[in-house]
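Engineer: Provided below for reference: sequence and predicted model.
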Amino acid sequence: MVATPTPAEPNRQGQSLTVRANGLDFYVTEMAPSEASDGDGSKLALCLHGFPELGHSWRHQLPVLADLGYRVWAPDLRGYGRTRPRPSDVVDYSMQHLLDDVTALIDASECSEVVLIGHDWGAAVAWMYAMQGERPLERLIILNVPHPACFERELRTLRQLRKSWYILAFQIPWLPEKLLTVREAKAVGRAFTDMAVNLDRFTPDDVLPYREAALEPGAARAMVNWYRAAFRDLRRDQLPSPIIDVATLMVWGLQDTALGARTTDGTHEHVSDLTIRFLPDSSHWVQQDTPDEVNAMLAAFLSDLEVPGLPTRLQPR
């Protein structure tokens, strides 16, 4: 069986709450299992956003996951949005701190089953959590970020280095923060609109929350510090690569201009139970760019149905 697309429902946005975890007060958008589902609140779908996003980036997925019986949490991650306090040191954004945040959020939910869903930086954390996290996962869903070992391989090529130039640029002190926030954080808005395929999904109102959040004191520095901390971790050669045994869905928008589709090659060598699907007309911002198609994939995967979409990439990107 193949699941049909579930239309995004922007009128169901969930409720906000503050969750104390790992010494931080996480601002979380929550949606409880819908009345139509058989969910009793014991299953958690924890959605991790990327740069320069917020929990807001999962707004189209909240209703779908709730209808599947999940208690859905979409937190503003460490340093982002309305999560407080906002650490200022690079070391505060090391991968171990990010993994500890996930563990603490899972524990705070008191749920017995966890599906971990990540996009961009959130996906990088989700990959690492599946490899070395302290709590078991029922499922893993990754959107437009390669497995760390595959990304490390591709970073040795000029092709991917050209796409990832910003990672090196973000190592420069203070300047990246300045450039991100000038003209009311116009660069943050353009990060979406310059890359998106379906611009009607990225109206000024859609990207305004990201721009406003980046202008909060210390926010831009915190966001860039994720990259600075990762660069330090890579230089220390701390990258583990055990096989992931959790059933994993990888969704990839083929119009991603920051991460080439070649970075997905070889993922099956690191994941024993992998389903991968490609969307030809979607960008790096895949769950916002083509939410109906992504929602259909999530619903099918979490319902043990055949996942729609292309199982192989078409472009040699």
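Structural biologist: All right, it came through fine.

Engineer: could you list the buried residues of the longest helix anywhere in the chain?
Structural biologist: Secondary structure of the chain per DSSP state H: the longest helix is helix 175-193. The neighbour-count check on helix 175-193 (16 or more other CB atoms under 10 Å) flags 176, 177, 179, 180, 181, 185, 187, 188, 189, 191, 192 as buried. Bear in mind the C-beta positions are built from the backbone N, C-alpha and C, glycine included.

Engineer: contact partners of that helix?
Structural biologist: With contacts defined as CB atoms under 8 Å, 6 or more residues apart in numbering, helix 175-193 is touched by 52, 169-170, 199, 202, 204, 206-208, 210-212, 214-215, 220-221, 223-224, 285, 288.

Engineer: state the number of residues packed around residue 203.
Structural biologist: Applying other CB atoms under 10 Å, we find 10 residues neighbouring residue 203.

Engineer: what of residue 101?
Structural biologist: As a burial measure, residue 101 scores 22 neighbours (other CB under 10 Å).

Engineer: likewise for residue 312?
Structural biologist: Residue 312: 8 neighbours (other CB under 10 Å).

Engineer: who are the contact partners of the spatially closest residue to it that is not a sequence neighbour?
Structural biologist: Closest residue to residue 312 apart from its sequence neighbours, by CB to CB, 6 or more residues apart in numbering: residue 278 at 7.0 Å. Neighbouring residues of residue 278 by CB under 8 Å, 6+ apart: 252, 253, 254, 261, 309, 310, 311, 312, 313, 314.

Engineer: tell me the one of those residues nearest residue 274?
Structural biologist: Residue 274 lies nearest to residue 311 out of those, by CB to CB, at 10.5 Å.

Engineer: and that closest one, backbone torsions?
Structural biologist: Per-residue torsions, residue 311: phi -80, psi -10 (degrees, to the nearest 10).

Engineer: isn't it up against residue 279?
Structural biologist: No: taking contacts as CB atoms under 8 Å, residue 311 lies outside contact range of residue 279: 11.8 Å.

Engineer: comparing the two, which residue is more hemmed in?
Structural biologist: Ranked by neighbour count (other CB under 10 Å), residue 311 and residue 279 place residue 279 first, with 22 against 9.

Engineer: which strand residues bridge the more buried one?
Structural biologist: Beta-bridge pairing for residue 279 (DSSP bridges): residue 253.

Engineer: quick one: it and residue 63, what's the gap?
Structural biologist: 20 Å (CB to CB, to the nearest Å).

Engineer: likewise for residue 307?
Structural biologist: Relative to residue 63, residue 307 is positioned 19 Å away (CB to CB).

Engineer: kindly report the same for residue 31.
Structural biologist: 7 Å.

Engineer: who touches both of the two?
Structural biologist: Contacts common to residue 31 and residue 63, judged by CB under 8 Å, 6+ apart, are residue 12.

Engineer: grab the nearest non-local neighbour of the residue nearest to the spatial centre of the chain.
Structural biologist: Geometric centre of the chain, nearest residue: residue 119, 2.0 Å, by CA atoms, centre = their mean. Sequence neighbours aside, residue 143 is the residue nearest to residue 119 in space, at 4.0 Å (criterion: CB to CB, 6+ apart).

Engineer: same deal with residue 163?
Structural biologist: The shortest distance from residue 163 to any non-neighbouring residue, by CB to CB, 6+ apart, is to residue 258 (5.6 Å).

Engineer: thought the residue nearest to the centre of the chain was touching residue 289?
Structural biologist: No: assessed by CB under 8 Å, residue 119 is found out of contact with residue 289, at 11.0 Å.
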